[in-house]
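Chemist: Got a sequence here, can you build the structure:
(2 chains)
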Amino acid sequence: MRSALEIRFALMRRPIISAPPLPLRALSPFALAAALLLGCEPAPEPEFASPVGYDGLLEEMRTGTRAEVEDYDTGEMVERDLVGFDQALDERFGSPADPAVFTTLPVRFSSSEAAVIDVLDDEEAETTVFTLAPIQGAETVPAVAKGDVLHWNDEFGSPHEAVVAAVEGDAITVPLVPFEARPVSLPLGFNEETGEPLPGTVVIGDADLLEEGRELYAVHCLHCHGSTGAGDGPTAKYLHPLPRDYRSGMYKYTSTGTGIASRADLTRILRDGIPGTYMPSFHPALDAEKTASVVEYVRWLSMQGQYAKGVTDEAAFTYGDEAVRERLESEEGLTREDLVQELIEYWPDDVTGKLSFVGTFLAENWALAESEPPVTPNEPRPVLTGDELAASIERGKGLYLQKSTQCASCHGSRGLGNGPQTVSVQLDAATGDPYAEPGIHDVWGEVVQPRNLTRGIYRGGRRPIDLYRRIYSGIPASNMPGFGDNLSDEQIWDLVNFLMALPLHPSLLDGAELDVSHDDDAVAAARPALPPAAPELKADQS
Amino acid sequence: MKWVWVSLFAIWPVAAIALSAVSPSMGWWFPESPVTEPAVAEPGAGSSESVNPLGREIDHLFYVILVICGVVFVLTHVGLAWVLFGGARRTVARYFHGNHVLEVVWTLIPAAVLFFIAFYQMEVWAKFRVESYYPADVTPVAEVTGRMYEWRIRYPAPGKTLMDTPQPDDLYAVNELLIPAGEPVLIQLRSQDVQHSFSLPEFRIKQDALPGQRIPVWFQADQAGNYTLLCQELCGWGHYKMGGVVIATPPDEHAAAMAALAAKQQSDGVNQTDDEESEIASTTAVTGERN
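Modeler: Alright, predicted model coming up:
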């Protein structure tokens, strides 16, 4: 690279009139070709960005420190390195391109995982022997060789690793593992029959499945969703709606009834795309196996974002920028050094404990999205034809226009997605201030357009069950409320029938007006569809 | 030095003939159709004969034009080489004003060749483009809409005919076009945003999709298999993503697949009816009388 440039500069410096000597002339095309082939410097390695408020935390909390602390076993004061958030996050997640193994999270990190069914310490030899068994759903224990690195978490969700010293069948010998660092299952679980704790999982080697997912993600997803999943890739700014920022762990079109998507939900989105947005279908470019590894990587990015944010928010409560300033101002004689001393004293609670708490909380939520059955109606959709169907559609129309459901306040009395809420100024739930522009805002602070129901384009899918789920659970993060508590299955199916008929017969809502005269008893208790906007703030645009 | 340049120009006719001879066996020729399902990726393993009868006629045209161009190319370059070698022996340039007869000859011969090609290809063109020349038994199977960056497909419900506008019982899919093998099928091509090009290399079919237009395209898979569907009009940054698959199956299997799709589409989460005879009548009854 350098020599090529030097030659080119040398060529440029020469007076134009005298031609360069023949050998140089002959070489110059090769120099140019070499420069073109070598290209620019490689792109910088992507790194996870710190969540808002992280940089405001006490410095010692982030970087860790060295201090005298009491030893658990002996009660003596010993000088120890206290691990800060920087190092803890790095150990647990690594970087987007080089994911670390952190088995607390319900993510499939690797194709070689095994369950630890027995742990035996040999104090004299200073070794520990793990007895391995196949993980659930697998038939064999993956091959382990001397020198392989094992990763697992302890009961507080801290990651540990060890190098295999010897292998004898399913018994793996590693250097002595302290009792509190033994592998356990997370979320903590017990065998229902025997009452024994469920075995922990060890991952052998690197997070190879995630790395595979990362490669596909880099090809297909990164240019919109960004290298850390923040929805800030180079093409993102041209898109509306914006690509999903995974880091909040919120997804709109889920079957779980919450913002957390199950693997099946993400797989379906990758296969079907999201009609009406820029998210295309990746079928058949990504087959089932490739889709699964991309899904796993996206879940992991979500969990990373949630984890870093969760830890920051927890810590900011006592040691954040503002909290520290307030305490220093309000307490006489309190200095920053006192706060650091306090932090060191409570390090196991305030730092280690928070890392563990946030991890288990996250792991439980994501595990629930897999283990809980998806939102399923109790009543099947009635098979209706002719007049019966027309009557159901009519009932659905009534529900749609009813004041208590407030459908029309966003979707409009003609179903065009232009209800009065789309032109009124809303309050930001987080800060209480009105948004700069009128309209309904999602949790990412973007204006969301309520669906135009006459177009027949449904982002979350067009099957009756998809529409049922949107009505039953709402659309998380978007202000579309769920009606599952207030409408019966029969009523939801009436609404679904109405919604499915509307695009084909937009005249159904001809001359329709919001029904304010009476409320159906069954939906009288419907909770407000939107965070209440102060009436005096309503913009006069309607 | 001049002999180097002369030789360089003289090489081309030889290279052209050699390349043409070698290409088919290297798989550089036509896109290959799979011998068996699923598609065989290995070059040279499949048949380079199109699965589409019309595609084979298009290939024939390709060969006719290739032979004409090849002969002209080789003759031109042999002539060029002859002139160059002759000219290279001389050292003094010579000027002459032109030759009227020569001009007329080299205008008339290409014109005749062009007229021949124009008339010769007319029938194939008509079969592809003119509706009255379509096979009599061609069935419209789906409406295919190009969108940045995917193919959205709308099928009529099993047993119904494809209508211009969406129907209550239509079936929807993306990037996966199911067709019956062994019979001519027709799709209506649309675009939702910009120009796309619906291209089936193994069928030798390529048709631009234009926003605001509905363009019929027919083709036929003589053998069952999975075939490539591509966008071949640069449509934006995600153009490369815009791939799909055409799955041709024997008519009975195709009917079963469509019925399964219909059942899936009607899923209410409770009755997961995947069986063929399942009723799909639940949304079929809203009729035009409301309007």
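
Chemist: interface residues of the stretch 151-300 of chain A facing chain B?
Modeler: A:220, A:223, A:235, A:271-273, A:275, A:278, A:280-285 (C-beta under 8 Å from any C-beta of the partner chain). Heads up, the C-betas are built off the backbone N, CA and C, glycines and all.

Chemist: can you name the two of the residues you listed that are farthest apart?
Modeler: A:235 and A:284 (22.5 Å; C-beta to C-beta).

Chemist: Chain A versus residue B:212, what's the distance?
Modeler: Distance of residue B:212 to chain A, computed by C-beta to the nearest C-beta, to the nearest Å: 17 Å.

Chemist: tally of neighbours for that residue?
Modeler: Close neighbours of residue B:212, defined as other C-beta atoms under 10 Å in any protein chain shown, add up to 6.

Chemist: for residue A:480, same thing?
Modeler: Per other C-beta under 10 Å, the neighbour tally for residue A:480 reads 23.

Chemist: my guess is it contacts residue A:474, does it?
Modeler: Yes - counting by C-beta atoms under 8 Å, residue A:480 does reach residue A:474; the two are 4.7 Å apart.

Chemist: In chain B, spot the strand with the most residues.
Modeler: Longest strand in chain B by number of residues, with DSSP state E as the criterion: strand B:139-147.

Chemist: Which elements pack onto that strand?
Modeler: strand B:150-155, strand B:176-180, strand B:185-191, strand B:196-200, strand B:205-209 (3 or more C-beta pairs under 8 Å, 6 or more residues apart in numbering or on different chains; DSSP states H and E).

Chemist: Deepest-packed of those, please.
Modeler: strand B:196-200 (a mean of 24; mean count of other C-beta atoms under 10 Å in any protein chain shown).

Chemist: So chain B: which segments form each domain?
Modeler: B:2-94, B:136-278 (automatic domain parsing).

Chemist: Show me what the mean pLDDT comes to for the first one.
Modeler: The one in question is domain B:2-94. Averaged over domain B:2-94, pLDDT sits at 79.

Chemist: ends of it, how far apart?
Modeler: Domain B:2-94 has an end-to-end distance of 17 Å (C-alpha to C-alpha, to the nearest Å).

Chemist: circling back to that earlier point, with pLDDT, neighbour count and secondary structure added, can I get the residues of the stretch 151-300 of chain A next to chain B in JSON lines?
Modeler: Output for those, formatted as JSON lines (pLDDT from 0 to 100; neighbours: other C-beta atoms under 10 Å in any protein chain shown; DSSP: H, G, I helix; E, B strand; the rest coil):
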{"residue": "A:220", "pLDDT": "91", "neighbour count": "20", "secondary structure": "helix"}
{"residue": "A:223", "pLDDT": "89", "neighbour count": "16", "secondary structure": "helix"}
{"residue": "A:235", "pLDDT": "88", "neighbour count": "16", "secondary structure": "coil"}
{"residue": "A:271", "pLDDT": "92", "neighbour count": "17", "secondary structure": "helix"}
{"residue": "A:272", "pLDDT": "91", "neighbour count": "23", "secondary structure": "helix"}
{"residue": "A:273", "pLDDT": "92", "neighbour count": "22", "secondary structure": "coil"}
{"residue": "A:275", "pLDDT": "90", "neighbour count": "22", "secondary structure": "coil"}
{"residue": "A:278", "pLDDT": "89", "neighbour count": "20", "secondary structure": "coil"}
{"residue": "A:280", "pLDDT": "91", "neighbour count": "24", "secondary structure": "coil"}
{"residue": "A:281", "pLDDT": "92", "neighbour count": "26", "secondary structure": "coil"}
{"residue": "A:282", "pLDDT": "92", "neighbour count": "25", "secondary structure": "coil"}
{"residue": "A:283", "pLDDT": "90", "neighbour count": "21", "secondary structure": "coil"}
{"residue": "A:284", "pLDDT": "89", "neighbour count": "16", "secondary structure": "coil"}
{"residue": "A:285", "pLDDT": "89", "neighbour count": "20", "secondary structure": "coil"}
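
Chemist: Just name the closest of those residues to residue A:504, please.
Modeler: Using C-beta to C-beta, those come closest to residue A:504 at residue A:275, 16.8 Å.

Chemist: Go ahead and report the secondary structure state at residue B:255.
Modeler: The assignment at residue B:255 comes out as helix when based on DSSP: H, G, I helix; E, B strand; the rest coil.

Chemist: tally of neighbours for it?
Modeler: 16.

Chemist: State the distance from it to residue B:179.
Modeler: For residue B:255, the distance to residue B:179 equals 12 Å [C-beta to C-beta, to the nearest Å].

Chemist: can you give me the mean pLDDT across stretch A:300-311?
Modeler: Averaging pLDDT along stretch A:300-311 gives 95.

Chemist: what's next to it, contact-wise?
Modeler: Stretch A:300-311 is contacted from outside by A:48, A:50-52, A:54, A:85, A:89, A:92-93, A:96, A:99, A:105, A:107, A:210, A:213, A:228-230, A:245-249, A:354-355, A:358-359, A:361-362, A:366, using C-beta atoms under 8 Å, 6 or more residues apart in numbering or on different chains.

Chemist: in the host helix or strand of residue A:268, what counts as buried?
Modeler: Element membership for residue A:268, per DSSP states H and E: helix A:263-272. For helix A:263-272, burial by neighbour count (16 or more other C-beta atoms under 10 Å in any protein chain shown) applies to A:263, A:265, A:266, A:267, A:268, A:269, A:270, A:271, A:272.

Chemist: surely the fourth one meets residue A:293?
Modeler: No - the pair residue A:267 and residue A:293 does not pass the contact test of C-beta under 8 Å, sitting 11.1 Å apart.

Chemist: Look up phi and psi at residue A:447.
Modeler: Note on residue A:447: its backbone torsions stand at phi -70, psi 130 [degrees, to the nearest 10].

Chemist: Next, the contact list for the closest residue to it other than its chain neighbours, please.
Modeler: Computed as C-beta to C-beta, 6 or more residues apart in numbering or on different chains, the closest residue to residue A:447 that is not its neighbour in sequence is residue A:439, at 4.2 Å. Listed by C-beta under 8 Å, 6+ apart, the contact set of residue A:439 reads A:421, A:422, A:423, A:424, A:426, A:447, A:448, A:449.

Chemist: For the stretch 1-150 of chain B, list the residues in contact with chain A, please.
Modeler: So far as C-beta under 8 Å from any C-beta goes, the stretch 1-150 of chain B lies against chain A at B:147, B:148, B:149, B:150.

Chemist: tally of neighbours for the third one?
Modeler: Same thing as residue B:149. By other C-beta under 10 Å, 24 other residues sit near residue B:149.

Chemist: need the longest strand for chain A.
Modeler: Assignment by DSSP E gives strand A:113-122 as the longest strand of chain A.

Chemist: got a list of contacts for that one?
Modeler: Residues lying outside strand A:113-122 but in contact with it, judged by C-beta under 8 Å, 6+ apart, are A:127-136, A:138, A:141-142, A:144, A:152, A:176-177, A:179, A:182-183, A:199-204.
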